[in-house]
Every structure is written in C-alpha cells, then in structure tokens.
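J.: coordinates for the following, if possible.
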Amino acid sequence: MSIVTTFALGVLLGLAVSLATVVVLRPHLASLLVEICGTRARAGFWVVTATLSLFLFGALASTVSYAYPVTDAAATTAGLFFGLVTQLRVCLFGLLVGVLVVAWLLVGSIRRYEQIYGPPISAMPTDPTAQAAEGA
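T.: You can find the predicted model right below:
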C-alpha cells in the first residue's frame, strides 16, 4: 500500500470511530440537555453543537500525518502500520479531549441548575422508611 492509501484508510477509520462516539452519546446527551435547558428547542441546538464538536475533534485529529514516511520509497510495511496506529491514537486522544470538554461544560451547567432549582425529583429518596422519617 502507498502512503496516501494508508493515510486515507486512517482518516476513514477515524471518521467511523468519531461517528460511533456521537451515535452512542447523542441520546444520553439529549435527555440530559432537555432537563438542563428547559425546552426541546434549546436542548436540540446544544445537542447538535456538542455532537458536531465531538465529531470535528475526531475528524481533525484523524488527519495527523507526522508518523508516516516522507516518500513512498522510504515506506515499509512496518512504517505504514505504525503511521496508521499513530494516526488512530491521535484520533482517539482527540475524541477523549472532546468528550472531556463536553463533560466539563455539562458538570458546570448541572451545578448551576441544581443551585437554582435543587436536585431533580428522581434524585429524591423513594424509600418508604426515609419518607416516614421525614414525616415524623
């Protein structure tokens, strides 16, 4: 394989991993943002913004080419393999950074939300003994 073919394969794999990450996180992110934002319209905007950012983090990171040989004449099978591995590692690192940034922003939003409105109803104890102790 040539350097360009291997690089293109790495980009396609990076895009696939980025897309899989977005598909896995999107429904959970959507339900959380509906609660924080208050309306589906606001939540929809932030879901699209966050998932697009995650996808672009991975896509941009998957185009790293510094581990590949400079010319096809210097390209060995091992050199191409390790170039591909480095490319995918950088892609995964980019996705990790993207997920951590989104999580950091969400934690801040959740803290502000809970300071204003208190914890969500589902976080309240549902144990009958706890309710009896509160009523006494």
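J.: now do the same for the most centrally placed residue in the chain: its pLDDT.
T.: In the chain, the C-alpha nearest the mean C-alpha coordinate belongs to residue 99, at 3.5 Å (Cα atoms, centre = their mean). pLDDT recorded at residue 99 is 92.
J.: ok, it - contacts?
T.: By Cβ atoms under 8 Å, 6 or more residues apart in numbering, the contact set of residue 99 is 21, 25, 54. The way it works is simple: take the backbone N, C-alpha and C, and place the C-beta from them, glycine included.
J.: sec struct for it, please.
T.: helix (DSSP: H, G, I helix; E, B strand; the rest coil).
J.: ok, back up a step: so which of the contacts of residue 99 wins on neighbours?
T.: Top of the contacts of residue 99 by neighbour number is residue 54, holding 24 neighbours under the definition other Cβ atoms under 10 Å.
J.: what separates the helix or strand hosting residue 31 from the chain centre, distance-wise?
T.: Element membership of residue 31 [criterion: DSSP states H and E] is helix 3-37. Between the centre of helix 3-37 and the centre of its chain there are 7 Å (Cα atoms, centre = their mean, to the nearest Å).
J.: now do the buried residues in that helix.
T.: Within helix 3-37, the residues scored as buried using 16 or more other Cβ atoms under 10 Å are 3, 6-7, 10-11, 14-15, 17-18, 21-22, 25, 29-30, 32-34, 36-37.
J.: and it, what does it pack against?
T.: Using 3 or more Cβ pairs under 8 Å, 6 or more residues apart in numbering; DSSP states H and E as the contact test, the elements touching helix 3-37 are helix 40-61, helix 77-117.
J.: from residue 20, how far off is the residue lying closest to residue 84 once chain neighbours are set aside?
T.: Sequence neighbours aside, residue 10 is the residue nearest to residue 84 in space, at 4.9 Å (criterion: Cβ to Cβ, 6 or more residues apart in numbering). Per Cβ to Cβ, to the nearest Å, residue 10 is found 16 Å from residue 20.
J.: same thing with residue 54?
T.: Residue 54 sits 11 Å away from residue 20, going by Cβ to Cβ.
J.: between those two, what contacts are shared?
T.: Common neighbours of residue 54 and residue 20, counting by Cβ under 8 Å, 6+ apart, are absent.
J.: cool, thanks, talk later.
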